[in-house]
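**Student:** Mind folding the following:
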Amino acid sequence: MHASPLFAQAVARLLLRTYEELGGPRRLARIDLVDIGAGRGELLTGVLAALPPDVEVHPYGVEKAPRPPGLDHRIEWCAEPPRGVRGLVFSNEWLDNVPADVAEADPAGVPRYVEVRTDDGAERLGTPVAGEDARWLERWWPLAGQPGHRAEIGRPRDEAWAAAVGTLAEGLAVAVDYAHSLDARPPFGTLSGFAGGQEVRPVPDGSCDVTAHVALDACAAAVPGAAHTELLTQREALTRLGVTGARPPLTLASTDPAAYVRALSAASSAGELLARGGLGDFGWLEQRVGRC
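**Tutor:** The predicted structure is shown next:
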């Protein structure tokens with residue numbers, strides 16, 4: 001769904017807005033677009049299709065996997081984000097896949113690392129959390145004195161996000177992900193596994209995608225030098241970009257049935273992207289660098 005035409009069109013509008021804020025063609029010959037965790041390039045392909053033909057854009061797909069066959073020749077495929085970018089750095093459901101240790105408070109309330117046996121997922125409590133991880137927990141997800149409560153230590157996500165924003169010379173960086181905030185951390189964590197579109201036990205044996213929600217507020221604080229920072233829900237962010245779930249007028253069905261069907265389909269897609277209790281509750285972290 002997050003590579004849907006409607007979502008790609010919204011990202012295209014965000015890219016154009018960023019280009020304008022940076023001075024547009026009067027100042028920049030082109031605008032850079034970096035998709036971190038690009039998958040098979042679906043979002044980049046959709047954004048390129050939605051852009052006006054006169055906009056010069058340099059798209060980068062950042063992904064560890066090899067370049068997909070048949071991908072638009074304009075997309076530069078790379079394993080690491082390019083540096084010195086002027087434009088938009090966009091990461092969609094990337095940070096939730098950055099590995100993070102899990103901690104659990106033992107019967108005495110002491111946070112300890114959770115150790116996992118990779119062949120069957122059996123768990124045990126290991127050593128007490130210490131050092132930078134302990135400081136992160138104390139600041140962003142306190143567990144002390146709460147036996148049985150769990151947390152995913154988000155420090156690696158903070159570092160990954162700070163590194164991504166650091167590639168921007170000027171422009172906007174956006175992280176879109178399952179998220180939670182300090183005032184509403186889930187008491188038992190969010191570690192999950194997915195395989196074939198179904199939720200499964202999160203066994204780290206390569207048989208499933210192991211993921212956990214992101215403390216986007218902590219990621220935001222990892223970039224103290226940002227010119228501007230904003231945390232939004234996807235519903236708020238996409239509404240600003242012109243996505244609405246409004247149904248087309250019934251009169252259109254009689255005057256232009258094909259247009260009515262297209263508009264009705266778009267409204268249905270928009271409703272799914274904006275839904276409360278669903279995709280609309282995704283978190284958006286936006287941070288600006290430089291003059292943007």
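**Student:** Would you mind confirming that residue 103 is in contact with residue 123?
**Tutor:** No - counting by C-beta atoms under 8 Å, residue 103 does not reach residue 123; the two are 12.0 Å apart. To be clear about C-beta, it is placed using only N, CA and C from the backbone, and glycine gets the same treatment.
**Student:** Would you give the sheet partners of the strand ranked longest in the chain, along with the direction of each?
**Tutor:** Using DSSP state E to assign secondary structure, the strand with the most residues in the chain is strand 168-177. As defined by DSSP bridges, the strand partners of strand 168-177 come to strand 85-92 (parallel), strand 283-289 (antiparallel).
**Student:** which stretch among those comes nearest residue 154?
**Tutor:** strand 283-289 (12.5 Å; C-beta to C-beta).
**Student:** tell me the mean pLDDT over that closest one?
**Tutor:** Summarised as a single mean, pLDDT over strand 283-289 is 97.
**Student:** How about residues contacting that strand?
**Tutor:** 161, 165, 168-180, 214, 216, 219-220, 223, 225-234, 236-237 (C-beta atoms under 8 Å, 6 or more residues apart in numbering).
**Student:** one step back: mean neighbour count and distance to residue 12 added to the strands paired with strand 168-177, as CSV?
**Tutor:** Output for these, formatted as CSV (neighbours: other C-beta atoms under 10 Å; distance: least, C-beta to C-beta, whole Å):
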stretch, mean neighbour count, distance to residue 12
strand 85-92, 24, 10
strand 283-289, 22, 16
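**Student:** and the helix or strand that the longest strand of the chain is followed by, which residues are buried?
**Tutor:** Beyond strand 168-177 on the C-terminal side, the first helix or strand identified by DSSP states H and E is strand 192-195. For strand 192-195, a neighbour-count test (16 or more other C-beta atoms under 10 Å) marks 192, 193 as buried.
**Student:** Give me the sheet partners of strand 192-195 and which way each runs.
**Tutor:** strand 198-200 (antiparallel), strand 209-211 (antiparallel).
**Student:** Export the strands paired with strand 168-177 as TSV, with columns for distance to residue 277.
**Tutor:** Shown next, in TSV, are the strands paired with strand 168-177 (distance: least, C-beta to C-beta, whole Å):
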stretch	distance to residue 277
strand 85-92	20
strand 283-289	14
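**Student:** who's more crowded, residue 103 and residue 123?
**Tutor:** Neighbours per residue, other C-beta atoms under 10 Å: of residue 103 and residue 123, the larger number sits with residue 103, 26 against 11.
**Student:** Contacts only, for that one.
**Tutor:** Residue 103 neighbours (C-beta under 8 Å, 6+ apart): 111, 112, 113, 114, 129, 133, 137, 143, 150, 151, 152, 153.
**Student:** Just give me the neighbour total for the residue lying closest to it once chain neighbours are set aside.
**Tutor:** Spatial nearest neighbour of residue 103, chain neighbours left out: residue 111 (4.6 Å); criterion: C-beta to C-beta, 6 or more residues apart in numbering. Using other C-beta under 10 Å, residue 111 has 27 neighbouring residues.
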